[in-house]
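Engineer: model this:
(one chain, ligands or ions: 1)
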Amino acid sequence: MIQTSEKFREHVAHALTDADLKIALTRTTGLLQSRRRQVIDEYPEYAQARIRAQAIKDHTLKHLGHYLEMFEANATANGAKVHWAATPGEARRIVSDICVKAGAKTATRVKSMLGEEIGIAEALADAGVERIETDLAEHIIQLAGEAPSHIVMPAMHKTREQVASLFDEKHGVAPDSHDVTDLVASARRELRKKFLSADVGISGANFLIADTGAIVTVTNEGNSELTCTPPKTHIVTVGIEKIVPGMDHATVLLRLLARAAIGAEITQYTTFYNGPKREDDADGPTDYHIVLVDNHRSEMLGTDLQPMLRCIRCGACMNHCPVYAAVGGHAYGAVYPGPMGSVLTPAMSSLEAAKDLPNACTLNGRCKEVCPVNIPLPDMLRTFRARQWEAGLTPPLAQWALKGWGFVARRPRIYRLASGLSVYGLRLWAFGKGRIRKMPLASSWLKYRDLPRPEKGSFMQQYNASEHAKRSRK
Ligand code: SF4
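Structural biologist: Numbering: from 1, shown residues only. Model (predicted):
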């Protein structure tokens with residue numbers, strides 16, 4: 001995916017006028033939020049598990065080199081060929097070389113955001129290999145020629161009606177009806193034959209288990225098993241932060257992942273891959289590669305961005321983000337959207353290229369609250385804002401406004417006077433209308449929303465009046 005986060009404002013303006021996008025986002029985020037709430041309420045150990053998960057990730061990150069070497073030794077002993085890629089370019093070259101060597105013509109792929117991050121589509125195109133996306137949502141966006149808009153539900157931006165007309169147009173045999181069951185059956189019909197004839201299967205991994213050398217994938221459709229087992233060659237591309245010391249640690253994270261991601265106790269398929277086909281195995285790949293990708297991750301170690309490496313890619317932060325719910329994932333113009341993407345994109349590219357993303361946040365804190373590994377996303381976004389300020393990247397108008405705010409906020413008397421006058425002014429401005437729809441210096445803000453006429457008096461004035469009333473009643 002080509003990063004276009006520098007056009008964030010342009011994308012937002014477009015997204016806010018897209019009625020279908022609004023319908024799709026409202027339907028799905030609402031459902032995911034209520035399902036998550038329900039399964040968390042039914043999981044009494046949730047708070048404990050969350051603390052344990054954070055501790056597991058923090059411990060592993062502290063000893064990352066040790067666990068990665070342990071994984072490499074065990075995976076190699078299992079028969080895997082382990083490759084190290086410092087950059088997306090190196091990862092693409094490794095994947096491309098393996099495909100050429102295998103004489104591959106087709107490759108099935110099971111969804112992985114790391115694959116998007118390194119540009120696996122380009123690697124396969126360079127090697128002359130046809131790419132077949134096997135996840136239902138990835139299949140939809142491949143047919144539509146689009147990029148994922150969510151890390152767990154890549155086609156979240158599409159309504160069922162849009163998917164139905166896409167399948168009518170692109171599938172060899174049109175779906176029997178536009179019911180969800182028939183749409184899924186149609187995708188299955190298209191994909192099933194391709195699974196069995198693919199030369200290479202490419203997957204990501206949700207976790208790497210250091211003490212056994214196994215990789216773990218989690219899906220709901222069984223497409224991981226169909227992608228990784230029939231082809232002769234299996235390539236795993238995975239970020240180095242996905243490592244955990246052992247099986248017990250993986251199970252703690254697995255229990256949180258499904259709950260946070262889709263509001264289920266566990267996903268339909270959780271598979272542990274331990275190497276290539278052995279002599280007495282009925283099937284499996286004979287050639288098995290694991291590509292461990294860094295791409296700026298090791299630069300985050302030991303910095304205030306290290307907690308971001310705890311991320312287990314559940315997507316809960318975006319499902320609960322009001323900005324994401326208003327503009328969708330494509331507006332971010334990056335592989336990772338939403339709150340976690342607003343941290344990862346500048347960390348993996350540059351602050352200049354992603355300068356609007358840390359500011360696309362109301363700092364309401366919901367993302368941190370729902371994060372199963374307790375990543376302080378709002379604090380990190382503030383860190384980036386501070387870095388922007390120090391680097392002189394904050395726009396002049398915002399600099400002027402922040403300096404003015406800083407001056408007033410440090411002087412309580414002036415602050416009270418200014419807030420009282422602002423409320424008075426806003427009430428006057430909205431007089432007779434009840435709402436403010438136009439105002440100098442706030443045209444961008446008011447373009448897509450209006451402001452109700454404020455209550456009489458500032459917060460402090462109302463608070464003082466209520467305290468005064470309480471005292472006089474005594
Ligand atoms: S930051 Fe937390 S909530 Fe967001 S995807 Fe990562 S683990 Fe999930």
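
Engineer: Tell me the spacing between the residue of the stretch 351-474 of the chain found nearest the ligand and residue 213.
Structural biologist: Nearest residue of the stretch 351-474 of the chain to the ligand (Cβ to the nearest ligand atom) works out as residue 371 at 3.3 Å. Yep, even glycine has a C-beta here, placed from its N, CA and C like the rest. Plainly put, residue 371 is 29 Å away from residue 213 if you go by Cβ to Cβ, to the nearest Å.

Engineer: do the same with residue 386
Structural biologist: In terms of Cβ to Cβ, residue 386 sits 41 Å off from residue 213.

Engineer: These two - which one has more neighbours?
Structural biologist: Each of residue 386 and residue 213 has its neighbours counted (other Cβ atoms under 10 Å); residue 213 has more, 23 against 12.

Engineer: Next up, the contacts around that one.
Structural biologist: Counting by Cβ atoms under 8 Å, 6 or more residues apart in numbering, residue 213 touches 71, 72, 73, 74, 75, 76, 77, 78, 80, 274, 275.

Engineer: State the distance from it to residue 422.
Structural biologist: 62 Å.

Engineer: and of the contacts of residue 213, the nearest to residue 185?
Structural biologist: Nearest to residue 185 among the contacts of residue 213, counting by Cβ to Cβ, is residue 274 at 32.9 Å.

Engineer: If you tally nearby residues, what's the number for that closest one?
Structural biologist: What residue 274 shows, counting by other Cβ under 10 Å, is a neighbour count of 17.

Engineer: what's the closest non-adjacent residue to it?
Structural biologist: residue 214 (4.9 Å; Cβ to Cβ, 6 or more residues apart in numbering).

Engineer: residue contacts, the one you found?
Structural biologist: 75, 78, 208, 272, 273, 274.

Engineer: I'd like to know how far the first one sits from residue 238.
Structural biologist: Just to be clear, that refers to residue 75. For residue 75 relative to residue 238 (Cβ to Cβ), the value is 11 Å.

Engineer: Common neighbours of those two, please.
Structural biologist: Joint contacts of residue 75 and residue 238 (Cβ under 8 Å, 6+ apart) are 215, 290.

Engineer: Compare those two (neighbour count), which wins?
Structural biologist: Legend: neighbour count by other Cβ under 10 Å for residue 75 and residue 238, higher for residue 75 (26 against 23).

Engineer: shouldn't that one be in contact with residue 82?
Structural biologist: Yes - the pair residue 75 / residue 82 is scored as a contact, 5.5 Å apart, by Cβ atoms under 8 Å.

Engineer: anything in contact with each of the two?
Structural biologist: residue 290.

Engineer: List the residues that contact the nearest residue in space to the residue of the stretch 351-474 of the chain closest to the ligand that is not next to it in sequence.
Structural biologist: Closest residue in space to residue 371, ignoring its immediate chain neighbours: residue 317 at 5.8 Å, by Cβ to Cβ, 6+ apart. Residue 317 makes contact with 338, 339, 340, 366, 367, 368, 370, 371, 375, 377 under the criterion Cβ under 8 Å, 6+ apart.

Engineer: Next: residue 157.
Structural biologist: Here residue 157 is in contact with 21, 24, 25, 146, 149, 150, 328, 329, 330 (Cβ under 8 Å, 6+ apart).

Engineer: could you point out which element follows the worst-scoring helix or strand of the chain on mean pLDDT?
Structural biologist: Using mean pLDDT, DSSP states H and E, helix 443-447 stands out as the lowest-scoring helix or strand of the chain, at a mean of 81. Counting by DSSP states H and E, the element after helix 443-447 in chain order, helix or strand, is strand 451-452.

Engineer: on contacts alone, who are the packing partners of that following strand?
Structural biologist: Strand 451-452 is packed against strand 435-436, with contacts defined by 3 or more Cβ pairs under 8 Å, 6 or more residues apart in numbering; DSSP states H and E.

Engineer: Can you list the strands that the strand it packs on pairs with?
Structural biologist: strand 451-452 (antiparallel) (DSSP bridges).
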